[in-house]
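Engineer: Pasting a predicted model and its sequence here:
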Amino acid sequence: MICVLQFDAASVRVLERMLGEGRLPTLAGLMRRGRHVELATPADHFAAGAFHTLYSGVELGDHGLFYPFQWDASSQRARYMTAFPAPPAIWERLARAGRRTLAIDPYESRPPRDWRGTYVCGWQFGDRVVLPRWSLPSTAGDELAALHGGHGANATEIFGRPRIGDLLALRETLVAAPGRVADAAVGLLGRERYDLAWLTFSAAHLAGHQFWDLSQLGAEPEGRERTQLQGALAAVYQAVDHAFARVLKALPEDADVIVTSAVGMDVNSSRADLLPGMLAAVLAGAPIPSGESRSGAIWRLRGAIPTSARGTIARALPDRVALELTARLELRGVDWSTTVAFAHPADNQGYVRLNLRGRERDGIVDPGDADALLERIAAGLSTFCDPDGTPAVAGVERVASHHPGERCDQLPDLVVRWSDRPATTLAGVMSPALGEVIRSGAGSGRSGNHTPGDAWAVVAGGASAPRAAGGEPRLADVASTIAAVCGVDGEGLSGQPLLEPAAA
């Protein structure tokens with residue numbers, strides 16, 4: 001048996017500090033027992049795209065999935081990610097070979113077509129975008145709820161400035177969440193046999209976004225509330241470590257174990273909500289006249305309506321309706337007959353896509369003009385600075401040169417890498433030639449966001465042995481390792497196993 005413990009979006013910086021302080025004893029023990037490897041990851045450019053690579057073993061250019069609300073060139077609009085085909089997750093490959101999987105809360109995943117075992121999503125907490133509630137068998141979620149006191153709380157992220165009371169409630173949800181994963185896993189492992197257990201501890205992910213610091217609040221809380229919020233991230237990491245210990249005790253003695261994180265977390269430096277206005281100025285070749293749009297439609301809406309009001313409206317809508325409405329609001333009001341390029345929906349790195357003739361349904365840019373236009377956009381965006389004059393943009397890169405593959409046409413044309421300076425309280429950016437772009441509202445309201453890179457794994461063999469390195473370890477290697485250990489066909493997987501059966 002092999003068990004994957006996904007320490008979701010863990011901050012390398014925080015882990016190193018807490019390991020040094022002796023506050024993560026279970027992870028420290030696994031690191032002594034196994035091998036720690038850094039993994040090449042598509043999160044260098046596409047944080048959300050890393051999850052499908054982790055689960056499937058297929059590289060980003062071949063699966064083309066990189067954001068929950070993604071551009072569909074054939075319909076000239078953004079659509080929720082389930083509108084696009086996804087590569088089969090490794091547990092589907094195992095199911096076809098007769099192997100059984102226990103999967104709890106696979107992040108940004110979807111119900112498998114082929115399955116054997118138990119799969120529950122939205123268990124530790126629910127998020128209609130990235131952790132929607134579903135289970136296989138269909139009764140599995142309700143059966144767990146009956147045993148463990150109900151389903152997890154709803155924790156769907158609402159962009160914008162949060163309220164202190166909401167953050168305090170979220171802290172309680174996230175500190176309890178790892179224990180809920182352990183409760184379900186220990187119970188199921190005690191009564192059923194599985195070849196793979198994949199347990200995703202997503203509380204660390206959301207805690208990193210919301211509790212990196214308190215800069216997203218208009219005014220910091222005082223006293224006990226401040227202490228609770230400032231210590232929330234570390235409390236969640238310790239809860240994850242404690243849950244790991246409980247799961248490890250429930251595993252067979254010879255189980256192989258992989259602890260992994262597909263993306264990193266650090267201070268939020270994203271200026272993605274400002275990119276639509278920056279791009280508009282670049283394309284106009286001059287400052288945007290006063291009164292004209294300076295941000296995308298959905299960011300203007302977020303800035304105009306308080307977070308609490310939008311949350312109330314969103315909770316009243318069925319999931320399907322809320323997701324479709326969000327997708328429709330992205331890029332709403334764009335005149336495609338005159339638009340040569342647009343800022344793709346994003347909340348971390350910035351993405352730019354050309355409205356290319358022959359690729360987009362309503363494309364107007366001649367392919368022969370694409371290179372010059374991309375160069376012009378990259379040069380213009382690079383002129384923007386923060387209010388103190390330091391560069392806002394660290395670099396603008398062509399996607400095609402980094403992520404080739406069968407579905408690379410689904411990806412944007414440019415990735416904008418932001419300065420690594422905090423952007424939570426940023427009022428806007430300015431270009432000497434193109435003028436000022438002012439932020440609408442408070443941006444995403446996240447104080448933490450994903451880093452480029454920082455994917456890693458701790459590989460601790462049980463019945464299997466370490467495999468000699470055959471090149472730079474990659475995120476796709478995790479799925480290849482599971483295929484090798486479980487003895488199933490690895491054809492089509494792009495990675496290399498990090499373990500191999502001891503008898504091989």
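Structural biologist: Happy to help now that I have it.

Engineer: What is the burial count for the residue nearest to His450 when sequence neighbours are not counted?
Structural biologist: Closest residue to His450 apart from its sequence neighbours, by Cβ to Cβ, 6 or more residues apart in numbering: Ala47 at 3.9 Å. C-beta: built from backbone N, CA, C; applies to glycine. Using other Cβ atoms under 10 Å, Ala47 is surrounded by 25 other residues.

Engineer: so Ala47 sits in a strand?
Structural biologist: No: counting by DSSP: H, G, I helix; E, B strand; the rest coil, Ala47 falls outside a strand, being coil.

Engineer: contacting residues around it?
Structural biologist: Taking Cβ atoms under 8 Å, 6 or more residues apart in numbering, we find Ala47 in contact with Val263, Asn348, Gln349, His450.

Engineer: ditto for Phe384
Structural biologist: Met278, Pro391, Ala392, Val393, Val429, Met430, Ser431, Leu434, Val437.

Engineer: hang on, the earlier thing: so which of the contacts of Ala47 wins on neighbours?
Structural biologist: Val263 (30 neighbours).

Engineer: Per-residue pLDDT of that one, please?
Structural biologist: You'll see Val263 listed with a pLDDT of 97.

Engineer: what about the nearest residue to it once chain neighbours are set aside, how many residues close to it?
Structural biologist: Distances taken as Cβ to Cβ, 6+ apart place Ala43 nearest to Val263, at 4.3 Å, with adjacent residues excluded. When neighbours are counted by other Cβ under 10 Å, Ala43 registers 30.

Engineer: quick one, what contacts Ala43?
Structural biologist: Gly49, Ala50, Ala262, Val263, Gly264, His450, Thr451, Pro452, Gly453, Asp454, Ala455, Leu475.

Engineer: ditto for Val129
Structural biologist: Counted by Cβ under 8 Å, 6+ apart, Val129 has contacts Pro68, Thr156, Glu157, Leu323.

Engineer: By neighbour count, which of these wins?
Structural biologist: Counting by other Cβ under 10 Å, top hit in the contacts of Val129: Leu323 with 21 neighbours.

Engineer: which helix in this protein runs the most residues?
Structural biologist: If you go by DSSP state H, the chain has its longest helix at helix 164-191.

Engineer: Pull out the buried residues from that helix.
Structural biologist: Neighbour-count burial for helix 164-191, counted by 16 or more other Cβ atoms under 10 Å, picks out 164, 167, 170-171, 173-185, 188-189.

Engineer: And for stretch 12-28?
Structural biologist: For stretch 12-28, by 16+ other Cβ under 10 Å, it's Val12, Val14, Leu15, Met18, Leu24, Thr26, Leu27, Ala28.

Engineer: Closest one of these to Ala314?
Structural biologist: Relative to Ala314, the closest of these is Val14; by Cβ to Cβ it sits at 30.0 Å.

Engineer: Output the lowest mean pLDDT helix or strand found in this structure.
Structural biologist: Sorting the helices and strands of the chain by mean pLDDT, DSSP states H and E puts helix 297-304 at the bottom, at a mean of 70.

Engineer: and the helix or strand that comes right after that helix, how far out from the chain's middle?
Structural biologist: Later in the chain than helix 297-304, the nearest helix or strand by DSSP states H and E is helix 307-316. With Cα atoms, centre = their mean, to the nearest Å as the basis, helix 307-316 stands 23 Å off its chain's centre.

Engineer: and the angle for helix 307-316 with helix 164-191?
Structural biologist: Interaxial angle of helix 307-316 relative to helix 164-191 (axes from the mean of the first three to the mean of the last three Cα atoms, to 10 degrees): 40 degrees.

Engineer: Quick check: the farthest pair among the buried residues of stretch 12-28?
Structural biologist: Val12 and Thr26 (17.5 Å).

Engineer: Any of the contacts of Phe384 buried? List them.
Structural biologist: In the contacts of Phe384, burial by neighbour count holds for Met278, Ala392, Val393, Val429, Met430, Ser431, Leu434, Val437, counting by 16+ other Cβ under 10 Å.

Engineer: Closest to Gln6 out of the residues you listed?
Structural biologist: Val393 (31.8 Å).

Engineer: circling back to that earlier point, next, format the buried residues of stretch 12-28 as a markdown table and append secondary structure, pLDDT and distance to Gly462.
Structural biologist: Output for the buried residues of stretch 12-28, formatted as a markdown table (DSSP: H, G, I helix; E, B strand; the rest coil; pLDDT from 0 to 100; distance: Cβ to Cβ, whole Å):
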| residue | secondary structure | pLDDT | distance to Gly462 |
| --- | --- | --- | --- |
| Val12 | helix | 97 | 26 |
| Val14 | helix | 98 | 28 |
| Leu15 | helix | 98 | 23 |
| Met18 | helix | 98 | 26 |
| Leu24 | coil | 98 | 21 |
| Thr26 | helix | 98 | 16 |
| Leu27 | helix | 98 | 17 |
| Ala28 | helix | 98 | 18 |
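
Engineer: Tabulate those residues in a markdown table, adding columns for distance to Ser464.
Structural biologist: As requested, the buried residues of stretch 12-28 are arranged in a markdown table below (distance: Cβ to Cβ, whole Å):
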| residue | distance to Ser464 |
| --- | --- |
| Val12 | 26 |
| Val14 | 30 |
| Leu15 | 25 |
| Met18 | 28 |
| Leu24 | 24 |
| Thr26 | 20 |
| Leu27 | 20 |
| Ala28 | 22 |
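
Engineer: Can I take it that the residue nearest to Val263 is in a helix?
Structural biologist: Yes: counting by three-state DSSP, Ala43 falls inside a helix.

Engineer: Now do it against Ala9, distance only.
Structural biologist: According to Cβ to Cβ, to the nearest Å, Ala43 and Ala9 sit 9 Å apart.

Engineer: Let's see which of the buried ones among the contacts of Phe384 end up in strands.
Structural biologist: Counted as lying in strands by DSSP state E, out of these, are Val393, Val429, Met430, Ser431, Val437.

Engineer: Bridging across strands, which residues link to the third one?
Structural biologist: Partner residues in beta bridges with Met430, using DSSP bridges, are Cys385, Glu436.

Engineer: Look up the pLDDT of it for me, please.
Structural biologist: Looking at Met430, the pLDDT reads 95.

Engineer: Repeat that for Ala469.
Structural biologist: So Ala469 comes in at 68 (pLDDT).

Engineer: Tell me the one among the contacts of Ala43 nearest to Asp62.
Structural biologist: Gly49 (11.0 Å).

Engineer: which residues touch the closest one?
Structural biologist: Pro42, Ala43, Leu60, His63, Leu65, Phe66, Tyr67.

Engineer: Kindly report the same for Asp319.
Structural biologist: Arg128, Pro132.

Engineer: Phi, psi for it please.
Structural biologist: phi -50, psi -50 (degrees, to the nearest 10).

Engineer: that older thread, need the overlap of contacts for Ala43 and Ala9.
Structural biologist: Ala262, Val263, Gly264, His450.

Engineer: from these, which single one is nearest Glu330?
Structural biologist: His450 (19.6 Å).

Engineer: That closest one contacts Met265, correct?
Structural biologist: Yes: taking contacts as Cβ atoms under 8 Å, His450 lies within contact range of Met265: 6.2 Å.

Engineer: overlap in contacts of these two?
Structural biologist: Shared contacts of His450 and Met265, counting by Cβ under 8 Å, 6+ apart, come down to Ala9.

Engineer: Report the mean per-residue pLDDT for stretch 83-102.
Structural biologist: Stretch 83-102 comes out at a mean pLDDT of 97.

Engineer: surely Pro137 meets Thr118?
Structural biologist: Yes: Pro137 is in contact with Thr118 according to Cβ under 8 Å; the separation is 7.5 Å.

Engineer: Of the two, which one has the most company?
Structural biologist: Shown here are Pro137 and Thr118; by other Cβ under 10 Å, Thr118 has more neighbours (23 against 12).

Engineer: and the helix or strand where the more buried one lies, what other elements does it pack with?
Structural biologist: Following DSSP H and E, one finds Thr118 within strand 117-121. Using 3 or more Cβ pairs under 8 Å, 6 or more residues apart in numbering; DSSP states H and E, the elements in contact with strand 117-121 are helix 90-96, strand 101-104, strand 134-136, helix 140-148.
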